[in-house]
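Q: Curious how this folds, go ahead:
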Amino acid sequence: MDFPFRIEKRDSFRVVGSLIETTNKKGGGRKDIPIFWSKFKEDNLEASLLDLSDQEPGGLLGINIYNTDKTDSRKFHYMIAVSSSKDTEHGFAEYTVPAMTWAVFPCTVETIGKTEAQAITKWLPKSKYKPLNKGYITGRMKSGAPDIEFYGQDGQVEVWIAVKEKTN
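A: Okay, here's the model as predicted:
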């Protein structure tokens, strides 16, 4: 699979934003997350959140935070967030994205799901990297890291998958 990507090492960074709990069971997340984004925009939270953004990466982040329920590995938190060192406002939640190496795949809003699926099923198996997370196919996540969607203010969209180099 040959499509554009870059490998990026990042220190940990703090994010603040709106958070929901959802599930991979019966495609719950695929239904809940678009509704969550619609409500987020309908409630005019985007400007309030972007005002808190004061560090890289700049822009909105969609973050899948896995293994939040020890009894059900299909449950996870999804967060619409920005990277920020500022105090939280508007009842926003906070989370620290751990220091990681990321495989970053540029895409569009329309192709984000397809890009992530191709990166995981086609690119990663042939690359020198492996994902830190397991369970993408079954929805029962064994997570070493969050997955991130990046939405830059200039229209840039990226899928970030936490990876490490394969060892022989």
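Q: The chain: helices as residue ranges?
A: For the chain, the helices defined by DSSP state H cover 28-42, 45-52, 112-118, 124-126.
Q: Can you list the helices and strands that the second one packs against?
A: Same thing as helix 45-52. On a contact count with 3 or more CB pairs under 8 Å, 6 or more residues apart in numbering; DSSP states H and E, helix 45-52 meets strand 13-23, strand 60-66, strand 75-83. (C-beta placed from N, C-alpha, C; glycine too.)
Q: would you turn those strands into JSON lines with mean pLDDT, distance to Trp102 and mean neighbour count?
A: What follows is the helices and strands packed on helix 45-52, written out as JSON lines (pLDDT from 0 to 100; distance: least, CB to CB, whole Å; neighbours: other CB atoms under 10 Å):
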{"stretch": "strand 13-23", "mean pLDDT": "95", "distance to Trp102": "12", "mean neighbour count": "19"}
{"stretch": "strand 60-66", "mean pLDDT": "95", "distance to Trp102": "12", "mean neighbour count": "22"}
{"stretch": "strand 75-83", "mean pLDDT": "95", "distance to Trp102": "14", "mean neighbour count": "23"}
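Q: nearest to Thr101, of these?
A: With distances scored as CB to CB, the stretch of the helices and strands packed on helix 45-52 nearest to Thr101 is strand 13-23 (14.1 Å).
Q: Just want the angle from that closest one to helix 45-52.
A: Relative orientation of strand 13-23 versus helix 45-52 (axes from the mean of the first three to the mean of the last three CA atoms, to 10 degrees): 150 degrees.
Q: Could you export the helices and strands packed on helix 45-52 as JSON lines, including distance to Ser53?
A: Formatted as JSON lines, these follow (distance: least, CB to CB, whole Å):
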{"stretch": "strand 13-23", "distance to Ser53": "9"}
{"stretch": "strand 60-66", "distance to Ser53": "8"}
{"stretch": "strand 75-83", "distance to Ser53": "4"}
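Q: closest to Gly135 out of these?
A: strand 60-66 (8.2 Å).
Q: name the helices or strands packed onto the closest one?
A: strand 13-23, helix 28-42, helix 45-52, strand 75-83, strand 93-97, strand 147-151.
Q: Could you dump the ones you listed into JSON lines and include distance to Thr121?
A: Below are the helices and strands packed on strand 60-66 laid out as JSON lines (distance: least, CB to CB, whole Å):
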{"stretch": "strand 13-23", "distance to Thr121": "21"}
{"stretch": "helix 28-42", "distance to Thr121": "17"}
{"stretch": "helix 45-52", "distance to Thr121": "32"}
{"stretch": "strand 75-83", "distance to Thr121": "20"}
{"stretch": "strand 93-97", "distance to Thr121": "24"}
{"stretch": "strand 147-151", "distance to Thr121": "14"}
